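*Asks:* the sequence and its predicted three-dimensional model are supplied below.
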Amino acid sequence: MVDYTKIYLLKIDVENLLKSTKLDFKCDLSKSTGEINENILIAKYHYCKIRIINLKSQNPHVLFTGSIHKLWNSLKGIKAPNYKINKPYNGYNGNQFNLDNIIEIKTHLENLFDCKANQMIFQNIEFGVNVTLDFNPFLYLKGLLYHKNIPFEFSHSGNNTMAQHKNFIFKIYNKSYQYEMVKNVLRVELKIIKMIEIKNLSIKTFSDINEITLNNARIMLLNRFEEVMHYDYSIEKNKLSNREILAINNYSNPRYWIEDLKPIHRDRHKKKLKEITLSFSKNLHSLIKREIQKKCVMINQLSKSSKCVMINSSSIRINITLKQVEKTNSTHLEYF
């Protein structure tokens, strides 16, 4: 669930950290000027970075940045399917990363920095889910229009998309394309830029990561996913009337929604697209939504727990079994 993090480490024994045989600190080198900054030391650690800032001051700061998912895979020796020893490699986060794994990393970092989890203060954090689909994720990605009135930006031949907001970035991208995976894997990801965005999740330090707070985070992720405006390219045009075909030619164009339609006129067209999508498509958005829900059962609890917590569309935490999730085969699009 948790991936990229930026963690400020409070009251760390810097002298002891510099003596660690696991870390090789080097002076920061400016890429633009080539100047060496001896006041900042950086150590690369399993595709993450550890910085000691203001080294010469009486109160140096320690900062950890990077993907704790990639860190866990690297510690376990797990490589991406497209890993080649003679090519650049930046780690792997295409598999599942559950709460047990996150707790392992918490303990590992406590030992590495000789600190407690409540000394690891999150400054940025990323919540994400990898879902396995029975169709090519690109079919869904190319239909992304906008998120809360922000158009999606596309890269990597349309396999990566993101909508950048003031306090967060919402990303949806094709993991199977990134890592040349056999299975069709889509990632839905919420990157928190300003921690005020998750003030209601009660997540401030690593000690706050548990089943309850991660399920709250998952509710937030799912709610953000439901805010997506999407055109479904699985719509069977041969079953549409001429008038409906003319309509969806507009509906598939992000500029039509953002530039041509005034906000007060969008609702009627959203309802029309919803009707067409429900009647004449595979409902890709709802299929992905259900896969995200299932991951709540699979990865969002400790293995010793007998409880099974997931999210419903009204943002209420409920206990539910995997069979119940699979029976929840809703035919309603809830992202309009």
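*Replies:* Received, thanks.

*Asks:* the residue nearest to I235 when sequence neighbours are not counted: neighbour count?
*Replies:* Take I235 and drop its neighbours on the chain: the residue closest to it by CB to CB, 6 or more residues apart in numbering is S281, 4.4 Å away. Placement of C-beta: from N, CA and C, glycine included. S281 has 19 neighbouring residues, counting by other CB atoms under 10 Å.

*Asks:* quick one: pLDDT of S281?
*Replies:* With respect to pLDDT, S281 has a value of 97.

*Asks:* list the contacts for the most centrally placed residue in the chain?
*Replies:* Nearest to the mean C-alpha position of the chain, counting by CA atoms, centre = their mean, stands E189 at 2.1 Å. By CB atoms under 8 Å, 6 or more residues apart in numbering, E189 lies in contact with 3, 126-129, 170-173.

*Asks:* and it, what helix or strand is that in?
*Replies:* Under the criterion of DSSP states H and E, E189 resides in strand 184-192.

*Asks:* equivalent analysis for F127, please.
*Replies:* Following DSSP H and E, one finds F127 within strand 120-133.

*Asks:* from the chain's centre, how far out does that strand sit?
*Replies:* Centroid displacement of strand 120-133 relative to its chain, using CA atoms, centre = their mean, to the nearest Å, is 5 Å.

*Asks:* which of the contacts of E189 lies closest to G66?
*Replies:* D3 (9.5 Å; CB to CB).

*Asks:* mind listing what the closest one touches?
*Replies:* 67-69, 93, 97, 126-128, 189.

*Asks:* what's the most distant pair in the residues you listed?
*Replies:* Farthest-apart pair in the contacts of D3 is I68 and E189; separation 13.9 Å (CB to CB).

*Asks:* which secondary structure elements does whatever helix or strand comes next after the strand holding F127 contact?
*Replies:* Next in sequence after strand 120-133, counting helices and strands by DSSP H and E, comes helix 137-141. If contacts are counted by 3 or more CB pairs under 8 Å, 6 or more residues apart in numbering; DSSP states H and E, helix 137-141 sits against strand 168-174, helix 175-179, strand 184-192, helix 284-299.

*Asks:* report how many residues lie close to M195.
*Replies:* 17.

*Asks:* over to Q178?
*Replies:* Q178: 18 neighbours (other CB under 10 Å).

*Asks:* alpha carbons of the top helix by length along the chain, as PDB, please.
*Replies:* Identified as the longest helix of the chain according to DSSP state H is helix 263-280. Coordinates of the C-alpha atoms in helix 263-280 are reproduced here as PDB (Å, rounded to 0.1, in the frame of the first residue of the first chain):
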ATOM      1  CA  PRO A 263     -19.200  23.300 -15.800                       C
ATOM      2  CA  ILE A 264     -23.000  23.900 -15.500                       C
ATOM      3  CA  HIS A 265     -23.600  21.900 -18.700                       C
ATOM      4  CA  ARG A 266     -21.400  18.900 -17.900                       C
ATOM      5  CA  ASP A 267     -23.800  17.000 -15.700                       C
ATOM      6  CA  ARG A 268     -26.300  16.200 -18.400                       C
ATOM      7  CA  HIS A 269     -23.500  14.900 -20.700                       C
ATOM      8  CA  LYS A 270     -22.000  12.900 -17.900                       C
ATOM      9  CA  LYS A 271     -25.300  11.100 -17.400                       C
ATOM     10  CA  LYS A 272     -25.600  10.400 -21.100                       C
ATOM     11  CA  LEU A 273     -22.100   8.900 -21.200                       C
ATOM     12  CA  LYS A 274     -22.900   6.900 -18.100                       C
ATOM     13  CA  GLU A 275     -26.000   5.400 -19.800                       C
ATOM     14  CA  ILE A 276     -24.100   4.500 -22.900                       C
ATOM     15  CA  THR A 277     -21.200   3.000 -20.800                       C
ATOM     16  CA  LEU A 278     -23.600   0.900 -18.700                       C
ATOM     17  CA  SER A 279     -25.400  -0.400 -21.700                       C
ATOM     18  CA  PHE A 280     -22.800  -0.900 -24.400                       C
END
